[in-house]
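Enquirer: A structural model of the following input is requested.
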Amino acid sequence: MRAAPLLLLTLPLAGQQPPLQDSRNTNIPNTDTHFAAPRFTSLNTWEARRAGLRKQILFAAGLYPMPEKTPLKPRYFAHLNREGYSIDTVLLETMPGYYLGGNLYRPRGKTGKLPAVAAPHGHWKNGRLEHQELASTPGRSINMALQGYVVFAYDMVGWNDTGQTPHDFGDAEEQLWGFGPLGLQLWNSIRVVDFLSSLPEVDPERIGATGASGGGTQTFLLAAVDDRLKFSAPVNMVSAIMQGGSYCENAPGLRVGTNNVEIAAMMAPRPMLLVAATGDWTRNVPKEEYPAIQEIYRLYDKGDNVAAVQFDSPHNYHQRSREAVYQFFARHVLHRPDAGQLREQPFDVPPTGQMLALHERSLPEGAGNYAQLFRQWTEAASRQLGGMNDPEHLRELLALAIKAEQPPEAVAYEQGEQIVLGRPGVGDRVPARWFPGRGQAALIVHESGSEAGLRSPEAAAPRAAGRPVLLIDAFQTGAAVAPRNRSHRHFLTFNLSDDACRVQDILTALRWLARHSTGPVEATGIGRGAVWMLFAAALAREPVKLNGNLGAFQGSDQDFIGRFFVPGIQRAGGLRAALRLTESMRAAN
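Expert: Numbers count the residues shown, from 1 in each chain. The predicted structure is shown next:
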């Protein structure tokens with residue numbers, strides 16, 4: 001047996017107590033939770049965290065590994081010449097048969113390579129064509145073109161020209177594959193950067209983004225995952241007290257262990273302006289969110305690259321907010337000495353019919369409907385995963401879906417004739433039955449809990465042989481059944497599924513039990529417990545001898561929905577990946 005810290009070999013001293021309740025049942029973060037701002041004192045620590053967060057965001061969006069980038073084939077429709085600028089109405093084919101609509105605003109009379117701005121919109125009624133006192137996407141796009149930027153204002157999914165899917169969607173089957181509005185919008189934003197980079201007049205080293213509300217969410221998500229974005233201004237959205245209420249701002253797994261303030265800080269050290277309002281959820285930005293993000297910028301010695309401004313106003317992207325963005329961009333991108341005096345110029349918005357690609361037109365031939373687009377997404381993911389055989393990459397994908405860790409420590413607390421396992425400082429609670437012995441330890445996980453497992457022949461044999469035997473009540477089974485409020489909006493954006501928590505409990509048990517075993521732990525799952533055990537063994541770094549019968553579980557979408565629901569699990573390789581990893585483990589043993 002290997003040497004181990006005393007904590008892992010013994011029960012805690014008398015008087016120490018496990019958590020009275022499992023924190024996974026009592027601490028249920030949601031979009032309206034007041035999150036603590038991030039704090040980092042080391043650039044290396046932050047950079048490691050940032051790299052992990054980028055993968056988490058991309059995986060939650062269904063974009064890790066990144067899908068193939070196929071030709072955009074831009075289709076141009078109405079072309080309007082105005083004094084100092086022009087407007088083109090454009091369709092981009094961001095995936096085969098899937099079209100994104102937008103308007104391309106370009107300066108006239110400018111020479112040389114120009115900076116460019118991606119301009120997503122928020123949830124105003126008219127989308128990218130909204131023009132009213134509180135928000136005008138055409139207004140900011142025209143004015144930026146007059147200032148010398150190439151601007152592409154583009155649709156949210158389900159808005160204006162981009163109607164092949166609804167705006168809100170994502171049932172259980174779609175969640176298995178990471179197919180949802182947040183991911184589709186983030187993919188469109190990435191392809192918009194591709195489009196802008198391809199324009200001969202654009203300087204690809206000076207591409208930025210700005211949007212308000214849901215467009216603000218798109219702005220900081222794009223900045224978090226795409227380093228080609230060199231400057232940004234998320235408007236009225238970076239908040240520690242509200243994370244976004246729309247499906248396009250939420251995806252399962254996106255904010256497990258994080259929040260929008262930390263995600264927005266991933267822009268560092270590139271220039272970013274935070275625009276806030278007293279009349280919405282950004283009311284605390286000057287005293288809370290901005291100082292926290294500035295601390296991250298200071299790790300790079302770039303504290304001056306982030307700024308914040310707040311207006312006494314309701315939720316908006318109104319003229320004063322737009323002018324603050326013009327001035328910030330003019331300082332950091334155009335290097336204009338008069339940046340502080342820059343004001344919005346009068347503008348006229350063209351008629352709607354001239355600004356829509358599909359006004360009195362149909363989608364191009366071959367455009368897919370909703371069902372076809374989802375099928376295309378799953379088929380493309382399956383082909384991509386089919387060529388992956390590197391065990392470390394497969395394990396990484398499964399870990400991103402399940403979000404379970406091989407804990408560095410596991411502890412057991414005495415509780416009468418039973419024990420309670422947990423991870424120090426985490427607050428989880430795993431009731432268990434423990435029978436000490438000698439030789440190879442056995443872990444038994446029954447779908448109904450430890451008492452049912454104790455009555456099974458799988459437990460009887462190692463107990464009769466005098467071997468160490470551990471039976472656990474995995475999350476929400478047996479003695480671990482407890483109320484868990486799943487009614488919050490976008491529950492799975494912030495919290496793990498029950499089955500993902502069960503995998504974590506098995507990994508915690510394996511970590512503790514390995515110190516009591518001669519050789520690899522013999523791990524047996526019974527009923528659905530066999531599926532939980534398979535995926536835990538696939539993630540385990542400790543050697544495991546895996547037993548268990550998967551029964552009728554064949555890895556179909558319906559199998560996962562009914563017996564092992566973890567969002568993104570099919571995008572991570574599903575049953576095939578788990579079997580590949582456990583086969584590698586058997587070969588190594």
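Enquirer: May I have stretch 423-434 as PDB, with CA atoms only?
Expert: C-alpha atoms of stretch 423-434 as PDB (Å, rounded to 0.1, in the frame of the first residue of the first chain):
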ATOM      1  CA  ARG A 423     -14.100  16.700   0.100                       C
ATOM      2  CA  PRO A 424     -12.600  19.100   2.700                       C
ATOM      3  CA  GLY A 425     -13.900  22.600   2.400                       C
ATOM      4  CA  VAL A 426     -16.500  21.800  -0.300                       C
ATOM      5  CA  GLY A 427     -19.600  20.900   1.700                       C
ATOM      6  CA  ASP A 428     -20.700  17.800   0.000                       C
ATOM      7  CA  ARG A 429     -21.900  14.900   2.100                       C
ATOM      8  CA  VAL A 430     -21.900  11.200   1.000                       C
ATOM      9  CA  PRO A 431     -23.400   8.700   3.500                       C
ATOM     10  CA  ALA A 432     -21.700   5.300   3.400                       C
ATOM     11  CA  ARG A 433     -21.400   1.900   5.000                       C
ATOM     12  CA  TRP A 434     -17.800   0.900   5.800                       C
END
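Enquirer: Mean confidence (pLDDT) on it, please.
Expert: When pLDDT is averaged along stretch 423-434, the result is 96.
Enquirer: For it, which residues meet the burial criterion?
Expert: Buried residues in stretch 423-434, defined by neighbour count with 16 or more other C-beta atoms under 10 Å: 423, 426-434. (Glycine included, C-beta is placed from N, CA and C.)
Enquirer: again, but for stretch 399-418
Expert: 399-404, 406-407, 409-414, 418.
Enquirer: now stretch 227-247
Expert: Neighbour count says stretch 227-247 has 229-244, 246-247 buried, by 16+ other C-beta under 10 Å.
Enquirer: Just the CA trace of it, in CSV.
Expert: C-alpha atoms of stretch 227-247 as CSV (Å, rounded to 0.1, in the frame of the first residue of the first chain):
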residue,chain,number,x,y,z
ASP,A,227,-8.4,36.6,-28.8
ARG,A,228,-8.8,38.3,-32.2
LEU,A,229,-11.1,40.7,-30.5
LYS,A,230,-8.8,43.6,-29.5
PHE,A,231,-11.2,46.1,-27.9
SER,A,232,-14.8,45.9,-26.5
ALA,A,233,-17.6,47.6,-24.7
PRO,A,234,-20.2,45.4,-23.1
VAL,A,235,-23.1,47.8,-22.2
ASN,A,236,-25.4,47.4,-19.2
MET,A,237,-24.8,43.7,-18.8
VAL,A,238,-21.7,43.0,-16.7
SER,A,239,-23.2,42.4,-13.2
ALA,A,240,-22.6,40.4,-10.1
ILE,A,241,-26.3,40.4,-9.2
MET,A,242,-28.0,39.3,-12.5
GLN,A,243,-26.4,37.0,-15.0
GLY,A,244,-28.9,37.2,-17.9
GLY,A,245,-32.4,35.8,-18.2
SER,A,246,-32.7,34.6,-21.8
TYR,A,247,-31.8,31.2,-23.2
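Enquirer: Off-centre distance for it?
Expert: A distance of 13 Å separates the centroid of the chain from that of stretch 227-247, by C-alpha atoms, centre = their mean, to the nearest Å.
Enquirer: In strands only, show me the buried residues of stretch 423-434.
Expert: In this view, the buried residues of stretch 423-434 that belong to strands under DSSP state E are 430-434.
Enquirer: Nearest to residue 61 among the residues you listed?
Expert: Closest to residue 61 out of those is residue 430 (31.4 Å), distances taken as C-beta to C-beta.
Enquirer: secondary structure element for the residue lying closest to the closest one once chain neighbours are set aside?
Expert: Spatially, and ignoring its direct neighbours in sequence, residue 430 is nearest to residue 421 (4.1 Å; C-beta to C-beta, 6 or more residues apart in numbering). Using DSSP states H and E, the secondary-structure element containing residue 421 is strand 418-422.
Enquirer: how much distance is there from that strand to the middle of the chain?
Expert: Distance, centroid of strand 418-422 to centroid of chain: 32 Å (C-alpha atoms, centre = their mean).
Enquirer: Show residues contacting that strand.
Expert: 11, 18-19, 410-413, 428-434, 472, 479, 505, 508-509, 512 (C-beta atoms under 8 Å, 6 or more residues apart in numbering).
Enquirer: Distance-wise, check the residue found closest to residue 245 once you drop the neighbours it is linked to in the chain relative to residue 489.
Expert: Closest residue to residue 245 apart from its sequence neighbours, by C-beta to C-beta, 6+ apart: residue 31 at 6.0 Å. Distance from residue 31 to residue 489, counting by C-beta to C-beta, to the nearest Å: 5 Å.
Enquirer: Looking at those two, which has the bigger crowd around it?
Expert: Neighbours per residue, other C-beta atoms under 10 Å: of residue 31 and residue 489, the larger number sits with residue 31, 22 against 15.
Enquirer: Now that one: phi and psi?
Expert: When quoted as degrees, to the nearest 10, the phi and psi of residue 31 stand at phi -70, psi -20.
Enquirer: and it, how far is that from residue 112?
Expert: 44 Å.
Enquirer: quick revisit: tilt between the strand holding residue 421 and strand 430-435?
Expert: 130 degrees (axes from the mean of the first three to the mean of the last three C-alpha atoms, to 10 degrees).
Enquirer: quick one: strands adjacent to strand 418-422?
Expert: Sheet pairing of strand 418-422 (DSSP bridges) gives strand 411-415 (antiparallel), strand 430-435 (antiparallel).
Enquirer: Now do the same contact list for residue 209.
Expert: Contact partners of residue 209, counting by C-beta under 8 Å, 6+ apart, are 117-120, 189, 218-219, 222-223, 229, 232-233.
Enquirer: Am I right that it sits in a strand?
Expert: Yes. Counting by DSSP: H, G, I helix; E, B strand; the rest coil, residue 209 is located in a strand.
Enquirer: Spatially nearest residue to it, not counting backbone neighbours?
Expert: Using C-beta to C-beta, 6+ apart, the closest residue to residue 209 is residue 118 (4.2 Å).
Enquirer: ok, the one you found - how many residues close by?
Expert: Neighbourhood size, residue 118 [other C-beta under 10 Å]: 28.
Enquirer: just to revisit the earlier point, which among the ones in strands among the buried residues of stretch 423-434 gets closest to residue 458?
Expert: For these, the nearest to residue 458 is residue 433 (13.5 Å; C-beta to C-beta).
Enquirer: hang on, the closest one packs against residue 455?
Expert: No. Between residue 433 and residue 455 there is no contact under C-beta atoms under 8 Å: 11.3 Å.
Enquirer: Surely residue 482 and residue 20 touch.
Expert: No. Residue 482 is beyond contact range of residue 20, at 10.8 Å (criterion: C-beta under 8 Å).
Enquirer: more neighbours, the two?
Expert: Each of residue 482 and residue 20 has its neighbours counted (other C-beta under 10 Å); residue 482 has more, 13 against 7.
Enquirer: what about the more buried one, helix or strand, and which?
Expert: Here residue 482 is assigned to no helix or strand, by DSSP H and E.
Enquirer: quick one, what contacts it?
Expert: By C-beta under 8 Å, 6+ apart, the neighbours of residue 482 are 21-22, 25, 476.
Enquirer: Please identify, among these, the one with the most neighbours.
Expert: residue 22 (24 neighbours).
Enquirer: And that residue, how close does it get to residue 114?
Expert: Where residue 114 is concerned, residue 22 sits at a distance of 56 Å (C-beta to C-beta).
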